[in-house]
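**Student:** Mind looking at a prediction? Sequence and model below.
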Amino acid sequence: MGLIFALVAIEQGIKILVQNVITLHDTIPVLPSFNLVHVLNPGAAFSFLSDAGGWQRNALSILALIICLILLIALWRKPTPRAESFAYALIIAGGLGNVTDRIRIGAVVDFVDFYWRLWHWPAFNFADAYIFIAAGLLLFVGFKNEA
C-alpha cells in the first residue's frame with residue numbers, strides 16, 4: 001500500500017508541476033527524440049475514445065477503479081510472488097493516477113513525448129508507464145513459470 005501511495009503521489013506531483021510550468025499544448029525540447037509536453041487526453045490509451053462526447057470519462061474511471069479493487073483484493077487475500085505483487089502495485093498506481101486526473105480535471109495529463117524525425121509516439125505519463133512496465137513484468141513472469 002505504501003508503494004502504491006508513493007507512486008501515485010510522485011505521478012500526481014509531476015502532473016501538477018507540468019500543468020503549472022508548461023502551457024497547455026506547449027513543448028519543451030529536452031534531448032534529441034525526447035520532449036516534455038502538456039496535453040490533455042479525455043480518452044484512454046493512444047487517445048482511444050477521446051472524441052466520444054464525454055461518457056468515456058465516467059466509464060473509464062469506473063473500469064479502472066473496478067480493476068484496482070480486484071487487484072487489491074487479490075493482493076490482500078492470497079500471498080503472491082514478489083514480482084507479481086510489484087506488477088499489481090504498478091497497475092493499481094497507474095490506474096489510480098489516471099482516475100485522479102479524470103476526477104480532478106476531466107482528462108488525463110500526458111507529458112512524455114518520444115519521437116523519431118517527424119514521427120511522434122503518442123504522449124503518455126508515468127501512470128501509463130507503470131501499467132506498461134507491469135504488463136511486461138507479468139508477461140515475463142508468466143513465460144518464466146512456463147519454462
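**Tutor:** Cool, the structure landed. Residues are numbered from 1 along each chain as shown.

**Student:** Restricting to C-alpha, output the lowest-mean-pLDDT helix or strand in the chain in CSV.
**Tutor:** When each helix and strand of the chain is scored by mean pLDDT, DSSP states H and E, helix 55-77 comes last, with a mean of 88. Provided in CSV are the C-alpha atoms of helix 55-77 (Å, rounded to 0.1, in the frame of the first residue of the first chain):
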residue,chain,number,x,y,z
TRP,A,55,-19.4,9.5,-21.4
GLN,A,56,-16.0,7.8,-21.5
ARG,A,57,-14.7,9.8,-18.5
ASN,A,58,-17.0,8.0,-16.1
ALA,A,59,-16.8,4.7,-17.9
LEU,A,60,-13.0,4.6,-17.9
SER,A,61,-12.9,5.8,-14.3
ILE,A,62,-15.3,3.1,-13.2
LEU,A,63,-13.5,0.4,-15.1
ALA,A,64,-10.1,1.5,-13.7
LEU,A,65,-11.5,1.5,-10.1
ILE,A,66,-13.0,-2.0,-10.6
ILE,A,67,-9.7,-3.3,-11.8
CYS,A,68,-7.8,-1.7,-9.0
LEU,A,69,-10.3,-3.1,-6.4
ILE,A,70,-9.9,-6.6,-7.9
LEU,A,71,-6.1,-6.4,-7.8
LEU,A,72,-6.2,-5.0,-4.2
ILE,A,73,-8.4,-7.9,-3.1
ALA,A,74,-6.1,-10.4,-4.9
LEU,A,75,-3.1,-8.9,-3.0
TRP,A,76,-4.9,-8.9,0.3
ARG,A,77,-6.4,-12.5,0.1
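
**Student:** Now do it: everything it contacts.
**Tutor:** Residues from elsewhere that reach helix 55-77 (CB atoms under 8 Å, 6 or more residues apart in numbering): 42-44, 49-50, 80, 85, 88-89, 91-92, 95-96, 98-99, 102-103, 106-107. All C-beta spots, glycine's among them, are computed from the backbone N, C-alpha and C.

**Student:** Give the ChimeraX command for selecting the buried subset of those residues.
**Tutor:** A single ChimeraX command is used to select the members of these judged buried by 16 or more other CB atoms under 10 Å:
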select :42,43,44,49,88,89,91,92,95,96,98,99,102,107
